[in-house]
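1. dropping the sequence and predicted coords here.
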Amino acid sequence: MEIIDGKALSQKVKDEVKAEVEKLTAKGLREPMLACIIIEGNSASEIYVANKQKACKACGIESVVVRLKNDVSQEDLLKQIDKLNRNKEVSGILLQLPLPKHLNEDEAINRIDRHKDVDCLTRENLGAMFSSHQTIVPCTASGIIRMLKENKIDIVGKRAVVVGRSLLVGRSVAALLMQENATVTVCHRHTQNLDKVTKEADILVVAIGNAKFITKKFIKKGAVVIDVGINRTENGICGDVDFENVKSLCKFITPVPGGVGPMTVACLMENTLILHKNYHL
Ligand code: NAD
């Protein structure tokens, strides 16, 4: 069993981004700028945005945070997005999700200029990815593929099972695994006999938001298990996989924390740089 070190790999990705940014500034070009919009009142979102700012600093990427009150109207949120869309200094816009219930998330996401959509969540950018014409892909999915490749894990022809079908994670990672020529099955809340399906997986990706849900009975011996879940429990943060219970069965497994999470942030830095170089220089 080998534990995939997402922290170490994320450092490598951030170092690569930093080196690229330095090359740009050495040529007298602008560094990228990431703008995060956060709606106050969600403590997890505050932590995520603070981590993203820290990563920007480490990579030489400028960052600005636009803070909006918890009762902000849809109209005012859209105005802020429009303002950032028009701002020529801004290379990427990230709308920290989830939004409070009174706001229309789909409309807000799709208001972001696709050339600044660092999370790759607009319909245009998702459409590009699902038709294999992407410039960038969603950060978590990108981080997962990078983890597999860096660890020289074969994807071609392998049986991959993704549990969870959100656009942000499950569906995106499934699309990328398919592009990498895996045979992919996507499972969700309505899947019957889930354990029978996951037990066929050479590569199992779990993104459901249910603490330690995946136990031994879901895993084939020798599987590669990627745990995307971030669950806050009385005993701290844990994933969707019961790490201690399943690890002896796995060829590779990602820990939580220290696995997919840091890779997501590093890939956000990479996406910001890619959009900057492609559309904003
Ligand atoms: P979501 O709630 O949008 O989607 C969850 C999906 O899981 C749904 O498709 C649902 O059908 C499926 N699901 C839920 N319970 C299930 C069950 N018992 N059996 C089968 N399918 C089930 O969530 P999301 O945004 O995709 O996030 C999933 C988890 O990943 C959360 O814990 C979230 O915090 C975490 N996450 C982590 C990162 C990271 O960087 N590590 C990034 C994004 C999300």
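-> Happy to help now that I have it.

2. any idea of the pLDDT on the residue nearest to residue 78 when sequence neighbours are not counted?
-> In this structure, residue 78 finds its nearest non-sequential neighbour in residue 111, 5.4 Å apart by Cβ to Cβ, 6 or more residues apart in numbering. Heads up, the C-betas are built off the backbone N, CA and C, glycines and all. Here the pLDDT value assigned to residue 111 is 98.

3. backbone dihedrals for residue 111, please?
-> Backbone torsions of residue 111, given as degrees, to the nearest 10, read phi -80, psi -20.

4. ok, and does the helix or strand hosting residue 108 reach over to the ligand?
-> Using DSSP states H and E, residue 108 sits within helix 105-111. No. Helix 105-111 stays out of contact with the ligand when judged by Cβ under 6 Å from any ligand atom, the minimum separation being 10.9 Å.

5. isn't the residue nearest to residue 78 right up against residue 84?
-> No. Taking contacts as Cβ atoms under 8 Å, residue 111 lies outside contact range of residue 84: 9.9 Å.

6. tell me the centre residue of the chain?
-> Centroid check for the chain by Cα atoms, centre = their mean gives residue 140 as the closest residue, at 2.1 Å.

7. pull up the gap between the residue nearest to residue 78 and the ligand, please.
-> Going from residue 111 to the ligand by Cβ to the nearest ligand atom, to the nearest Å gives 20 Å.

8. same check, this time on residue 233
-> Applying Cβ to the nearest ligand atom, the value for residue 233 to the ligand is 11 Å.

9. could I get the full set of helices for the stretch 101-250 of the chain?
-> Secondary structure of the stretch 101-250 of the chain (DSSP state H, counting those that start in this stretch): helices at 105-111, 123-130, 139-150, 170-179, 194-198, 243-246.

10. now these in TSV, with distance to residue 7?
-> Shown next, in TSV, are the helices of the stretch 101-250 of the chain (distance: least, Cβ to Cβ, whole Å):
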stretch	distance to residue 7
helix 105-111	29
helix 123-130	27
helix 139-150	11
helix 170-179	20
helix 194-198	26
helix 243-246	15
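
11. quick one: residue 17 from the ligand, how far?
-> Using Cβ to the nearest ligand atom, one gets 17 Å for the distance from residue 17 to the ligand.

12. er, residue 269 actually
-> Taking Cβ to the nearest ligand atom, one finds residue 269 at 13 Å from the ligand.

13. same check on residue 150?
-> 17 Å.

14. now do residue 115
-> 23 Å.

15. so what's that residue up against?
-> By Cβ atoms under 8 Å, 6 or more residues apart in numbering, the residues touching residue 115 are 275, 278-280.

16. shaky segments in the protein?
-> Across the chain, nothing is flagged by pLDDT under 70.

17. residues from it in reach of the ligand?
-> Contact residues (Cβ under 6 Å from any ligand atom) of the chain with the ligand: 140, 163-166, 168-170, 187-189, 191, 194, 207-210, 213, 228-231, 260-261, 264.

18. what is the burial count for residue 19?
-> By the measure other Cβ atoms under 10 Å, the count of residues near residue 19 is 11.

19. in terms of helices and strands, where is it?
-> Using DSSP H and E, residue 19 maps to helix 6-26.

20. which neighbours in the sheet does the next helix or strand after that helix have, and how are they oriented?
-> Downstream of helix 6-26, the first helix or strand assigned by DSSP H and E is strand 33-39. Strand 33-39 has the following strand partners under DSSP bridges: strand 62-68 (parallel), strand 92-95 (parallel).

21. which other residues reach the last one?
-> Residues from elsewhere that reach strand 92-95 (Cβ under 8 Å, 6+ apart): 32-37, 52, 81, 84-85, 108-109, 112-113, 116-119, 268, 271-272, 275-276.

22. export it to PDB, keeping only CA atoms.
-> In PDB, the C-alpha atoms belonging to strand 92-95 read as follows (Å, rounded to 0.1, in the frame of the first residue of the first chain):
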ATOM      1  CA  GLY A  92      -9.500  34.700 -13.100                       C
ATOM      2  CA  ILE A  93     -12.700  35.000 -11.100                       C
ATOM      3  CA  LEU A  94     -13.700  32.400  -8.500                       C
ATOM      4  CA  LEU A  95     -17.100  32.500  -6.900                       C
END
